[in-house]
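S.K.: predicted model and sequence follow; I will ask about them next.
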Amino acid sequence: MATEIKAIQCPKCGSTEKTELPNEHYRCDSCGTEYFLDDGNARIGPKPGIVDPRRQAQPTAKGCSPLAIFLSILLIGVLAICFIYISSSSSTQSYSSTSSSATMPTKWQYVNAHVYLSADGRPIIVGAGYLSRYTNNGYSMEPFVFFVDAITAAMLKKLPIPGEKTQADTYQFHQLSNGDLYLIADRTVLFQVDKRSFDLKDVSQTFGSQERQLQSGIAQIEFVSSGYEDGFKLMTNDGKNLYYYPLVHKIYRDKELWDAQKGMKTLLPSAVEKTGYTFSNKSDSREEDTIQLVKYRFMDNVGGPKELPWFRWDDRSSPPLFVYPKDDYRCLSYSNFTPGRIYYEPKVLYSDSDYVLISYATSAAGTIRYVQCLNARTAAIVFTTRLDDRYLEEGTVRFKGGFVCTYLGVHVISMDGKLKNIKTDNE
């Protein structure tokens, strides 16, 4: 049987004119199509399993050279390693931050404190300070007020000081003679402390608003410097410097206040006779004159301006221990309450009709100090306990079980002289 011979034609244009290529491939001289023979039939494209050697070093849109493939794989590997490292680092940092915020405890500390008695007679510490904590956003330190049970040291309540971001050591507490307790923040904001519900109320805009001279509002506010009066030093929004005594609804300028603090003629109808205690000042002329604990009777201008008497030694006077001028300080009588006893750097911390609590040093060096409780009727010593806090000031309260003293620290002293220090932070 005769073999049929076919002309090889371009499968695209039908031309028989062609150029032979390696591996039994052809290129049409007419249209440029490359093709190969498959069982005698022309097929467009490369023959399956055959790679055109001319194309190995010439990447096209559909392929790339081995070098390019190697570089691409290498680049992808490097990027993958970087991605894994960054992800791992990020995860570690995230875990560390989350772990830190989860494991670092919230810290609190108060730097100014006041002690008052609750309705049931328990001593409550209210302190202004900071709540410090770590979060995923970093470290935060916020002004807070803390209410603490002075007996158990339990935290009763803590709350942020509304709208305040100033330094907590600029805050001051003061309780008026009627029991109203106030907190001043940075001389601009006045809060009234709700002693029953452990809360704060901003009264800056309403305080004294019923007084005609304060209608313009208050620009600055402080407690009067004596520490034992019921007064406030104000600057109004219209620039007036005034002294305001809210319990008696009295307002004074500087010279008016000076006159209102002294003398029997300026006493208000609310004035009552009271007993006070203070330590005398040393003599300017005789070193042998010792400091005395003086008990005195005076007219207390309750709610209004007053200046408590002070006593000093002077051998040119009769008697050598005196108050001058006596009427200016509204002093009725005085005497040495503990004759023969010697005191160094003494302070009266508290007094009432039952007890007098004093603090003193054992020598002129002042490094060793004691707190002593005296019977207010007989001057007999009830207890003496060592307490080397030389900064204790008036601010001590008495409760059923003893006394709570505060200034930089808080100290609870039982009636048998046992001392317990209350921490002012949770560190």
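M.R.: Perfect, I can see it now.
S.K.: point to the residue nearest the middle of this protein.
M.R.: For the chain, the residue nearest the mean C-alpha position is residue 130 (1.9 Å; C-alpha atoms, centre = their mean).
S.K.: quick one: neighbours of the residue lying closest to residue 361 once chain neighbours are set aside, just the number.
M.R.: Using C-beta to C-beta, 6 or more residues apart in numbering and skipping residues adjacent in sequence, the residue nearest residue 361 is residue 344, 4.2 Å away. For every residue, glycine as well, the C-beta is placed using N, CA and C. Close neighbours of residue 344, defined as other C-beta atoms under 10 Å, add up to 15.
S.K.: tell me the contacts of residue 344?
M.R.: Contact analysis of residue 344 by C-beta atoms under 8 Å, 6 or more residues apart in numbering lists 291, 360, 361, 362, 363, 364, 366.
S.K.: need the worst-confidence member of the residues you listed.
M.R.: Among the contacts of residue 344, residue 366 carries the weakest pLDDT, at 83.
S.K.: mind telling me what element that one is part of?
M.R.: Assessed by DSSP states H and E, residue 366 sits outside every helix and strand.
S.K.: what about it, distance to residue 133?
M.R.: 39 Å (C-beta to C-beta, to the nearest Å).
S.K.: also residue 261?
M.R.: 47 Å.
S.K.: neighbour-wise, which of the two wins?
M.R.: Here residue 261 and residue 133 are compared on neighbour count by other C-beta under 10 Å; more neighbours surround residue 261, at 23 against 15.
S.K.: tell me the contacts of the more buried one?
M.R.: Contacts of residue 261 were listed using C-beta under 8 Å, 6+ apart, and they are 305, 306, 307.
S.K.: was I right about the second one contacting residue 231?
M.R.: No. Under the contact definition of C-beta atoms under 8 Å, residue 306 does not touch residue 231, with a separation of 9.4 Å.
S.K.: which one's more surrounded, the two?
M.R.: Ranked by neighbour count (other C-beta under 10 Å), residue 306 and residue 231 place residue 231 first, with 29 against 24.
S.K.: who's in contact with that one?
M.R.: Applying C-beta under 8 Å, 6+ apart, we find residue 231 in contact with 223, 224, 243, 244, 245, 305.
S.K.: how does it look with 7 Å?
M.R.: By C-beta atoms under 7 Å, 6 or more residues apart in numbering, the residues touching residue 231 are 224, 243, 244, 245, 305.
S.K.: give me the subset of these lying in helices.
M.R.: With DSSP state H as the criterion, helices contain none of the contacts of residue 231.
S.K.: what two of these are the furthest from one another?
M.R.: Taking C-beta to C-beta, the two most distant members of those are 244 and 305; they sit 10.9 Å apart.
S.K.: Three-state assignment for residue 370, please.
M.R.: With DSSP: H, G, I helix; E, B strand; the rest coil as the basis, residue 370 sits in strand.
S.K.: what does residue 158 give?
M.R.: Classified using three-state DSSP, residue 158 is strand.
S.K.: beta-bridge partners for the nearest residue to residue 110 once chain neighbours are set aside, please?
M.R.: The shortest distance from residue 110 to any non-neighbouring residue, by C-beta to C-beta, 6+ apart, is to residue 127 (2.7 Å). Taking DSSP bridges as the rule, residue 127 bridges to residue 113, residue 146.
S.K.: nearest to residue 410 among the contacts of residue 344?
M.R.: residue 360 (20.2 Å).
S.K.: for the helix or strand that closest one falls within, name the packing helices and strands.
M.R.: Using DSSP H and E, residue 360 sits within strand 355-361. Contact here means 3 or more C-beta pairs under 7 Å, 6 or more residues apart in numbering; DSSP states H and E; on that basis strand 355-361 packs against strand 344-351, strand 369-375.
S.K.: partners of that strand in the sheet?
M.R.: Using DSSP bridges, the strands paired with strand 355-361 are strand 344-351 (antiparallel), strand 369-375 (antiparallel).
S.K.: any buried residues in the first one, and which?
M.R.: The reference is to strand 344-351. 345, 346, 347, 348, 349, 350, 351 (16 or more other C-beta atoms under 10 Å).
S.K.: and the fifth one, what's its pLDDT?
M.R.: Meaning residue 349. Model confidence at residue 349, expressed as pLDDT, equals 94.
S.K.: verify the stated contact: it with residue 358.
M.R.: Yes. The pair residue 349 and residue 358 passes the contact test of C-beta atoms under 7 Å, sitting 6.3 Å apart.
S.K.: on that earlier part again, save the buried residues of strand 344-351 as JSON lines, and put in distance to residue 256 too.
M.R.: Formatted as JSON lines, the buried residues of strand 344-351 follow (distance: C-beta to C-beta, whole Å):
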{"residue": "345", "distance to residue 256": "36"}
{"residue": "346", "distance to residue 256": "34"}
{"residue": "347", "distance to residue 256": "31"}
{"residue": "348", "distance to residue 256": "30"}
{"residue": "349", "distance to residue 256": "32"}
{"residue": "350", "distance to residue 256": "32"}
{"residue": "351", "distance to residue 256": "30"}
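S.K.: out of those residues, the closest to residue 147 would be?
M.R.: Here the nearest of these to residue 147, counting by C-beta to C-beta, is residue 350; it sits at 21.7 Å.
S.K.: contacts only, for the closest one.
M.R.: The contact partners of residue 350, taken as C-beta under 7 Å, 6+ apart, are 357, 396, 398, 403.
S.K.: dump the residue contacts of the second one.
M.R.: Right, the one you point to is residue 396. Per C-beta under 7 Å, 6+ apart, neighbours of residue 396: 349, 350, 357, 403, 404, 405.
S.K.: just how off-centre is the one helix or strand the last one maps to within its chain?
M.R.: I take that to be residue 405. Secondary structure assignment for residue 405, by DSSP H and E: strand 402-406. Relative to its chain's centre, strand 402-406 lies at 24 Å (C-alpha atoms, centre = their mean, to the nearest Å).
S.K.: residue 259 belongs to a strand?
M.R.: No. Residue 259 is assigned helix when assessed by three-state DSSP, not a strand.
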